[in-house]
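Chemist: let me see the structure of the following:
(one chain, ligands or ions: 2)
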Amino acid sequence: MEVLKAEHVSFSYRNRYQTVHAVNDVSCTFECGKVYAIVGKSGSGKSTFLSLLAGLELPGAGTVAFKGVATAKMDCDLYRRDHAAVIYQNYNLFPLLTAMENVLYSMNLKGVRSQKAKERAEKELLAVGIKKEQFKRYPPQLSGGEQQRVAIARALAAGNEIILADEPTGNLDVSNSEQVVRILLRLAHEENRCVIIITHDPEIAGLTDKVYTMRDGSLSES
Ligand SMILES: Nc1ncnc2c1ncn2[C@@H]1O[C@H](COP(=O)(O)OP(=O)(O)O)[C@@H](O)[C@H]1O
Ligand SMILES: [Mg+2]
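Modeler: Ligands and ions are numbered 1, 2, ... in the order given. The predicted model follows:
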């Protein structure tokens, strides 16, 4: 099922001194049940495109649509809360909340009751390989790979069908990267989520279902 669609999307950063055309006339569709990679040189517009897909920025021209509704016409905070989770290279966990509390937070935002939320959080943390004795640790007391897996559990617990990951393995060693990518593949293939990964790593791109290359703001199928 087609869940996310970009049609002739362009975006420029403007300030007093210059205009940077970061994304130029990009069209593509993303389906549930598949993992996509977006590769390309630094500065080619990958993160900007992901921000557009996440509704963190709105297109200057064209549309990004989730199930037929343009991001420009929706409440993008709700869109990210309920449908599109964003995962970053630096994990972005709340440092003063434990692993468990980080996951619970995303469900509390949605009003899931505490006992149910706790069970769900436990299930998702275990599913990404975080052990029970680690639930009460704070992010700085976890390794990078563990923190990234908590970030994924947080996205999962919220039930979002789209996972947008910007260099999710950028700070991880080979074995942790593999583990994180395997989790993302499973989410798409077994839980029917749509996963979009920005990556520098050709090996990771090779594991996905479809690879797009970004060049100077333009997207092409590889
Ligand atoms: N906030 C910003 N203001 C101005 N230019 C920006 C900003 N963010 C990114 N850019 C520029 O937009 C282009 C695309 O950047 P980005 O999407 O971050 O590329 P990538 O993720 O592929 O490295 C680059 O030329 C970058 O310098
Ligand atoms: Mg980037």
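Chemist: pull up the residues of the protein that are close to ligand 1.
Modeler: Residues of the chain found near ligand 1 (C-beta under 6 Å from any ligand atom) are 13, 20, 22, 40, 42, 43, 44, 45, 46, 47, 48. The C-beta positions use only the backbone N, C-alpha and C, and glycine is treated the same way.
Chemist: so residue 38 touches residue 50, yeah?
Modeler: Yes: Residue 38 is within contact range of residue 50, at 7.5 Å (criterion: C-beta atoms under 8 Å).
Chemist: comparing those two, which residue is more hemmed in?
Modeler: Ranked by neighbour count (other C-beta atoms under 10 Å), residue 38 and residue 50 place residue 38 first, with 28 against 21.
Chemist: pLDDT on the helix or strand that contains the more buried one, on average?
Modeler: Using DSSP states H and E, the element containing residue 38 is strand 35-39. Mean pLDDT, computed over strand 35-39, is 97.
Chemist: helix, strand or coil for the residue nearest the centre of the chain?
Modeler: In the chain, the centroid-proximal residue (C-alpha atoms, centre = their mean) is residue 164; its distance is 2.0 Å. Counting by DSSP: H, G, I helix; E, B strand; the rest coil, the backbone at residue 164 sits in strand.
Chemist: for it, give me its contacts.
Modeler: Residue 164 makes contacts with 50, 53, 54, 84, 85, 86, 87, 196, as judged by C-beta atoms under 8 Å, 6 or more residues apart in numbering.
Chemist: now that we have these, which of them are buried?
Modeler: Burial by neighbour count, 16 or more other C-beta atoms under 10 Å: within the contacts of residue 164 this picks out 50, 53, 54, 84, 85, 86, 87, 196.
Chemist: quick one: the second one from ligand 1, how far?
Modeler: To tie it back to what came earlier, the one meant is residue 53. Using C-beta to the nearest ligand atom, to the nearest Å, residue 53 is found at 12 Å from ligand 1.
Chemist: thanks a lot, catch you later.
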